[in-house]
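A.B. asks: Here you go, sequence then predicted model.
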Amino acid sequence: MRSTWAPSTKLAARAFSSAPAAAEIPNSWRNPAAVLHGIDDIRFEDVSLPDKVADGHVRVQMRAVGICGSDVHYYKKGRVGHFVVNAPMVLGHESAGDIIECGPGVTSRQVGDRVALEPGVPCWSNRMSRQGRYNLDPDVKFFATPPVHGSLARFVDHPADFCFKMPDSLSYEQGAMVEPLSNAVHACRRGGVGPGKKVAILGAGPIGLMVLAAAKAFSASSVAITDIRPDNLPVAKQLGAKHALDQSKATSARDTVEALKAVFAEGPDIVIDCVGFESTITVSLQSLVYVSRVLNSSSSSSSRLRPCYDRYVIAGKHVSHASRSITFMLFGGPAMGTASSVLCICFGGSNDSCAAGESCIGVTACCCEALTSSFICTHAEAFTVLTTESSCPP
């Protein structure tokens, strides 16, 4: 059956629970799942399960699965960045449910446990995994990231170590939201959000609102959030935003910069971009104080920004201040929100070879993960990646 369902919001929805099966799902199906076959083509199909649960794994009956922006992107575009759906794939990676069976060797979990699932499972042999940073494992197997199936099914087998027991006070829907919330917590930790910090959040969508809630929990002294959709802002105010800035009439990035500077006299200490457009990254850099942090917690599919997501390299924007120190933290690559990389961007210097001459402000970008550095010219009016993928650090 070809589905005409087009998810547009990140709402945790009951998924294949113990409720009566829909009429279109045959009773003989053991494991119905939402399988993406192509653009605008989701079908309910029976997905096979192993006869026995593998060593160290548990079988989980899904009770709630969230619809992420990446799921929508795969549905509407057939790809996210360089991850392309070339074969049928089960969607979903934000999930919670009940353990119904334990495989051999599982002692930390038991049948009946209510669990939230961590969707990314590393290979454990990579250097990053051995250092305890398994989210950076390039061979991580992540739910609903081609060719790995996701969790929008009745049953899912998953390593017990990546199933986290939920307290009885937490609903299944809330448990499914633990995964996107972890992105917000990660952003606040990496950004140094804490008492006395002024935080600007670009985008009041689901992730932006979660970052807002996390920033308040981290005791940020003042939080401002922007969005071009006014309907999102009342919720932001309810969650504790001191300033909810309607940017629906902004005609340029400069308008948003001025709006942020109007509420933060010297600019915010930390900017967390939950949109990932060229304009919002421009706003991030132009609105900051002299020593600041920018975090990008989006999954932009912009072709002009693709190299920075694929190979952790970014080019900067010509800015008015001749010297400032900014740490630009880029994570949440094309599909995996837990991936992370840091580029220390120091504005200043010159580039004699640049066609813009003296008007060009140079940027030295040091890619800490790759332990390499490169010089990137930044005289473009808008954010433009001036490197090619072949010249990026590995």
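C.D. replies: Right, received. Where do you want to start? Numbers count the residues shown, from 1 in each chain.

A.B. asks: Which stretches in the stretch 151-300 of the chain count as strands?
C.D. replies: 155-159, 163-165, 198-202, 222-227, 243-246, 270-273, 291-296 (DSSP state E, counting those that start in this stretch).

A.B. asks: any idea of the angle the helix of greatest length in the chain forms with strand 198-202?
C.D. replies: Of all the segments of type helix in the chain, defined by DSSP state H, the longest one is helix 178-191. Compare the direction of helix 178-191 with that of strand 198-202 by axes from the mean of the first three to the mean of the last three CA atoms, to 10 degrees and you get 130 degrees.

A.B. asks: What's the mean pLDDT across helix 178-191?
C.D. replies: Mean pLDDT, taken over the full extent of helix 178-191, equals 90.

A.B. asks: What is that helix packed up against?
C.D. replies: Contacts defined by 3 or more CB pairs under 8 Å, 6 or more residues apart in numbering; DSSP states H and E place helix 178-191 against strand 94-102, strand 114-117, helix 206-217, strand 270-273, strand 291-296, strand 324-331, strand 340-347. Where you see a C-beta, it was placed from the backbone N, CA and C, and this is true even at glycine.

A.B. asks: again, only using 6 Å
C.D. replies: Applying 3 or more CB pairs under 6 Å, 6 or more residues apart in numbering; DSSP states H and E, one finds that helix 178-191 contacts helix 206-217, strand 291-296.

A.B. asks: quick one: average pLDDT of the first one?
C.D. replies: Put plainly, it is helix 206-217. The predicted model gives helix 206-217 an average pLDDT of 95.

A.B. asks: What lies in contact with that helix?
C.D. replies: Residues outside helix 206-217 that contact it (CB atoms under 6 Å, 6 or more residues apart in numbering) are 10, 180-181, 184-185, 187-188, 193, 199, 201, 223, 225, 236, 239-241, 272, 274.

A.B. asks: change it to 8 Å
C.D. replies: Applying CB atoms under 8 Å, 6 or more residues apart in numbering, the external contacts of helix 206-217 come out as 9-10, 69, 177, 180-181, 183-185, 187-188, 193, 199, 201-202, 204, 223, 225, 227, 232, 235-236, 239-241, 272, 274-275, 297-298.

A.B. asks: Could you list the buried residues of the longest helix of the chain?
C.D. replies: Judged by neighbour count (16 or more other CB atoms under 10 Å), helix 178-191 contains these buried residues: 178-188, 190-191.

A.B. asks: now do stretch 49-62
C.D. replies: Of the residues in stretch 49-62, those scored as buried under the neighbour-count criterion (16+ other CB under 10 Å) are 53, 56-62.

A.B. asks: mind putting those residues in a markdown table, distance to Q110 included?
C.D. replies: Listed next are those as a markdown table, based on distance: CB to CB, whole Å:
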| residue | distance to Q110 |
| --- | --- |
| V53 | 13 |
| G56 | 14 |
| H57 | 14 |
| V58 | 9 |
| R59 | 12 |
| V60 | 13 |
| Q61 | 14 |
| M62 | 18 |
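
A.B. asks: Just these: which are in strands?
C.D. replies: Among these, the members falling in strands are 57-62 (criterion: DSSP state E).

A.B. asks: ok, so of those residues, who is nearest D137?
C.D. replies: Within the set of those, H57 lies nearest D137; the separation is 18.6 Å, counting by CB to CB.

A.B. asks: Would you map the strands across the stretch 1-150 of the chain?
C.D. replies: In chain order, the stretch 1-150 of the chain shows strands spanning 13-14, 32-38, 41-46, 57-66, 79-80, 83-84, 89-90, 94-102, 114-117, 120-121, 141-142, with DSSP E, counting those that start in this stretch as the criterion.

A.B. asks: packing partners for the last one?
C.D. replies: Here strand 141-142 is seen to pack against strand 120-121 when contacts are counted using 3+ CB pairs under 8 Å, 6+ apart.

A.B. asks: any idea of the mean pLDDT for the strand it packs on?
C.D. replies: On average, strand 120-121 scores 94.

A.B. asks: Return the distance of V148 relative to D55.
C.D. replies: V148 sits 19 Å away from D55, taking CB to CB, to the nearest Å as the criterion.

A.B. asks: which residues of the stretch 151-300 of the chain score low on pLDDT?
C.D. replies: Counting by pLDDT under 70, the stretch 151-300 of the chain shows low-confidence ranges at 289-300.

A.B. asks: switch to 90 and redo it
C.D. replies: Within the stretch 151-300 of the chain, the ranges that satisfy pLDDT under 90 run 183, 186-187, 189-192, 251-254, 261, 265-271, 273-300.

A.B. asks: tell me which of the ones in strands among the buried residues of stretch 49-62 is nearest to Y134?
C.D. replies: Distances from these to Y134 were compared by CB to CB; the smallest belongs to H57, at 17.3 Å.

A.B. asks: how near is the nearest residue to that closest one once chain neighbours are set aside to H158?
C.D. replies: Counting by CB to CB, 6 or more residues apart in numbering, the nearest residue to H57 once its immediate chain neighbours are dropped is G103, at 4.5 Å. When CB to CB is applied, the distance between G103 and H158 equals 10 Å.
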